[in-house]
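# what's the 3D shape of this:
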Amino acid sequence: MNWFLIFLFCLLVIQTIVADGCLQVERVALLEFKARVTDPFGRLVSWRGDECCKWTGIKCSNQTGHVIKLSLTSHSHSHPYYNDNEPWYNNSLSGEISPSLHALTDLKHLDLSYNNFTGSKFPKFICSFRNLKYLDMSETGLSGMIPQQLSNLSRLEYLDLSSNFLSGMIPPQLGNLSRLQHLGLEYAYSISPSISNIQCLSHLTSLKYLVMFGVNLHDSREWVQTLNMLPSLETLFLGENNLTTIPSSLSTINFTSLTSFRLAGNNFNTLMPDWIGQLTSLKKLGLFGCSFIGSIPDIFGNLTSLNTLSLFHHYGLKGPLPSFRNLRNLMLMSMNINEDITTLVSACKLGPTFPSWLHNQFELNFLNLSNSGIYDSMPNWFWNLSSLTNIDLSYNQIRGRLPLRLEHFTELRTIILSNNQFYGAIPSLPRSLETLDLSFNSFSGSLPQKFEAPYLSSIILSNNLLDGIIGQFICGLTSLNMLDLSRNNISGELPYCWPNSLQVLHLANNKINGTIPSSISSLNMLSVLQLNNNSLTGLLPSGMQFCRNLNIIDLGENKFYGQLPEWLGGNLPNLNILRLRSNWFHGNISSQIVHLTNLQVLDLAGNNLSGSIPLNLDKMVAMTSANHDPERNSSFFNGENYYIASVVVFIKGLELKYSTTLSFLKSIDLSENNLTGEIPQSITTLFGLINLNLSNNNLKGTIPVEIGKIQLLESLDLCMNKLSGIIPQSLANLDFLSSLNLSYNNLSGKIPTGNQLQTFVDPSIYIGNAYLCGSPLNKSCNTIEISHNYSMKDDDINLDEILLYLFAVIGFGFGFWAFFSILVFKRNWRYIFFRMVDDMFDRIYVFVMLYFARLRREASE
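Numbers count the residues shown, from 1 in each chain. From the prediction side, this is the model:
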């Protein structure tokens, strides 16, 4: 009876403790964890008071009151303090993982993923949580080795250590986790030797999901045989594992439960293995960039459950495809009506004929046959596949017309037919369409004045033969963020209204006239504005300064006039490219332009600018760095493809187009203006500069002595100026210099030699400098002659030299006339002077006569 009362008393005490909140020791442990982390968004603001079971991310057992779940991932949108407008790492906790969590002895679920614990070792106390079933430490910045004691977690079912900085090998004891169903090791290891001991994974007989992207498995020669011993495996993702071998066949297939298999970024350079065709449960198969060659084995026709086939970037694969006729029929028969059938065979050479096996794919949703080597006419039956939601046939040689109407594609969201040979008019579009890319074809006729697709976000019709005007229809496309109609024959004026969502406006190389409307100020998301090579005129609208997200402004080859506005430098902090060449701008280059710290390309050539070059060029930070920023490519995602902006720059006398390499380009072109003054010394701090063109101006002074510090410089053009002095020897330090022009200046002295300058053998790059000498000119360097000519050359005589000559002449004249005046007015001095002269003459005469008499006497003897 007493024992029974004691039991009831203990139970009452426990219930009282639980009712008050949670176990005291666990609450203290959680508060210690909170004290050691930084919480910028107050995600742990609820962690106060005694009721820790009600705190954010905490779950307690209803029976014991113990904490059984701690979930503080920064990748979840469930907690109220998550900022959807910020990337996850700005919402994350940071600091260290307190060992006080060791007190959570009944923990079953621990998720600290997507937090910043960089520098912390893998917490060994986690290995004591013997009830733990779920452990997610991905994207936490952990380092060190995976502890062997992890095998103590015998109940563990889910383990994700992806995206960390772990080192060493996979502990063999990991194979003891017999209940483990999910194992994520994607990019879990930083720089580490090849992991060769994955044999331990073969003991994980319950494993259903395995991801090992980025794990170096180069020395794991029998990786397929090891994974083949996992009978429960359903999902297998491998990629960038430095694998080079793969067996062509397997005697026995054990991982028959596999439904999703992805193998990417390994260099096998061999035939596609037959055993993949024996994985008859496969629904999704992705083989990306593995350098498989030859044809796809016919046995792949046995993959009767397959609904997604992805074969990206296998340039050695050749068509035709295997017997997909059987696969197609069985696929449709075994389809779930709500499940997408997706065919992705991008960059596989299926041509030259259009694949006929698509003829009866009436349930097909997603089709990507880009860069597939198709040289054929578009079959009429293709436009009967009305179930399609995404079409990408780009980078082929497909020819033909599009149907006049495509409204029957009621679910179609994306049409990408770029870089083919389509012609005819633009068809009437389905209402559901979001992305339209018909660029680099031969479509003709007037630009449609009404698009029946209100959800369009991208219209890319560049490099066609379209004409007509841009109508007011553009105002109604409220989701539009990319409009590229460049390189057509479009005329008329720019419309007044534009969608506020617009990010890219590319209308270059057309026949558009008029002015830029002031309404452009409403485009506060605009990043790319390219209107070059049209007939636009007028002043730059002041409203452009409110487009603060602009990365690229290209208004070259137009008729804009007026002075360059001050706001160009102060109000556009993100500007990378400023190209205003070949217009009618006049006046000075504002000193404010140096405040464009992100500017990479400054092209003001071919205007009527005057004054001097701004002095503080070193403030243009992007040009002072030799490094490049890949994020400055100005790329945008448009549905299924990336849109990458391109810019044309004149370098080395050539018109060069930069797109994917735009982040490497750093250029200044101020040529063909009326600039005066000297080349500022600060230009030598622009270490990242590749092109510098100051030709056809009125610059004077010398070439900066330290110009050799711009070591990445490839093209330097200073011709047609009034530069004087010698060519700096540091020019020989420019190892990348491949184009040089210093002609028609007033340069003098010997042309420097050495290194890259030895390769410039064309004398025309120095022509028009009369006092230059040395190779490659046919003029030797005579030091005296050069010095004489140099001293007599008007443009090279400085003020000190002029004053020296002037005072010498004045001194000589004054002395001569002072002495002559004394002789005129002093008779006795005059007699003495001439008597002295006569006496000196007599002495010299007697000396000479006696000398010659002695010579005659000696000769006669």
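# could you list the low-pLDDT ranges of the stretch 51-200 of the chain?
Scanning the stretch 51-200 of the chain with the threshold set as pLDDT under 70 gives 76-90, 191-193.
# and the strands in it?
With DSSP state E, counting those that start in this stretch, the ranges of strands along the stretch 51-200 of the chain come out as 58-60, 67-71, 94-95, 109-111, 134-136, 143-144, 158-160, 165-166, 182-184.
# also the stretch 751-861 of the chain?
Using DSSP E, counting those that start in this stretch, strands in the stretch 751-861 of the chain cover 771-773.
# again, but for the stretch 601-750 of the chain
For the stretch 601-750 of the chain, applying DSSP E, counting those that start in this stretch gives strands covering 601-603, 608-611, 635-638, 641-644, 647-651, 654-658, 667-669, 674-675, 691-693, 700-701, 715-717, 722-725, 739-741, 746-750.
# worst mean pLDDT among the ones you listed?
Among the strands of the stretch 601-750 of the chain, strand 635-638 has the lowest mean pLDDT, at a mean of 54.
# ok, back up a step: between the strands of the stretch 601-750 of the chain, which one is nearest to residue 282?
In terms of C-beta to C-beta, the element of these nearest to residue 282 is strand 641-644, at 27.5 Å. Placement of C-beta: from N, CA and C, glycine included.
# pull the residues that contact stretch 517-529.
In this structure, residues lying in contact with stretch 517-529 by C-beta atoms under 8 Å, 6 or more residues apart in numbering are 481, 494-498, 500-506, 541-555, 574, 634, 636, 645.
# which of these count as buried?
Among those, those classed as buried by 16 or more other C-beta atoms under 10 Å are 481, 494, 498, 502-506, 541, 544-547, 550-555, 574, 634, 636, 645.
# picking that back up, relative to residue 23, which of the strands of the stretch 51-200 of the chain is closest?
Nearest of the strands of the stretch 51-200 of the chain (C-beta to C-beta): strand 67-71, 7.7 Å.
# who does that closest one pair with, and is each partner parallel or antiparallel?
Using DSSP bridges, strand 67-71 pairs in its sheet with strand 58-60 (antiparallel), strand 109-111 (parallel).
# just the CA trace of that strand, in CSV.
Output of strand 67-71 as CSV, limited to C-alpha atoms (Å, rounded to 0.1, in the frame of the first residue of the first chain):
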residue,chain,number,x,y,z
VAL,A,67,11.5,17.6,-25.2
ILE,A,68,11.3,15.2,-28.1
LYS,A,69,11.6,17.6,-31.0
LEU,A,70,13.9,20.6,-31.7
SER,A,71,13.4,22.1,-35.1
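# what ranges in the stretch 201-350 of the chain fall below the confidence cut-off?
Within the stretch 201-350 of the chain, the stretches with pLDDT under 70 are 312-350.
# mind redoing it with 50?
Where the stretch 201-350 of the chain drops to pLDDT under 50, the residues are 324-341.
# which stretches of it form helices?
When secondary structure is read from DSSP state H, counting those that start in this stretch, the stretch 201-350 of the chain shows helices at 223-227, 324-333.
# helices along the protein, start to end?
2-20, 24-35, 88-91, 223-227, 324-333, 567-570, 621-624, 783-792, 799-825, 827-860 (DSSP state H).
# what mean pLDDT does the longest one have?
For helix 827-860, the per-residue pLDDT values average out at 70.
# looking at the strands paired with strand 67-71, spot the one closest to residue 272.
Distance to residue 272, taken as C-beta to C-beta, is lowest for strand 109-111 among these, at 38.7 Å.
# quick one: contacts of the closest one?
The contact list for strand 109-111, computed with C-beta under 8 Å, 6+ apart, reads 59, 68-73, 126, 129, 132-136.
# picking that back up, inside strands: which ones of the contacts of stretch 517-529?
504-506, 552-554, 636 (DSSP state E).
# for stretch 419-434, give the mean pLDDT please.
For stretch 419-434, mean pLDDT rounds to 93.
# what do you get for stretch 768-782?
So the average pLDDT for stretch 768-782 ends up being 87.
# sorry, back to before: what's the closest of the ones in strands among the contacts of stretch 517-529 to residue 465?
Among the ones in strands among the contacts of stretch 517-529, residue 506 lies closest to residue 465 (C-beta to C-beta), at 17.2 Å.
# residue 512 contacts residue 490, doesn't it?
Yes: look at residue 512 against residue 490 with C-beta atoms under 8 Å: they come within range, at 6.3 Å.
# mutual contacts of these two, please.
Each of residue 470 lies in contact with both residue 512 and residue 490 under the rule C-beta under 8 Å, 6+ apart.
# gap between the closest residue to residue 722 other than its chain neighbours and residue 613?
Among residues not flanking residue 722 along the chain, residue 700 sits closest, at 4.4 Å (C-beta to C-beta, 6 or more residues apart in numbering). Computed as C-beta to C-beta, to the nearest Å, the residue 700 to residue 613 distance reads 12 Å.
# who has more neighbours, these two?
residue 613 (23 against 16; other C-beta atoms under 10 Å).
# and the gap between that one and residue 134?
Counting by C-beta to C-beta, the gap from residue 613 to residue 134 is 64 Å.
# then residue 263?
Applying C-beta to C-beta to residue 263 and residue 134 gives a distance of 28 Å.
# between those two, tell me which one has more neighbours.
For the pair residue 263 and residue 134, the greater number of neighbours falls to residue 263 (21 against 18), based on other C-beta under 10 Å.
# now the contacts of strand 109-111 as TSV including distance to residue 213?
Formatted as TSV, these follow (distance: C-beta to C-beta, whole Å):
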residue	distance to residue 213
59	31
68	31
69	28
70	27
71	24
72	25
73	20
126	24
129	27
132	25
133	24
134	21
135	19
136	17
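# of those residues, buried ones?
For these, buried by 16+ other C-beta under 10 Å: 68-73, 126, 129, 132-136.
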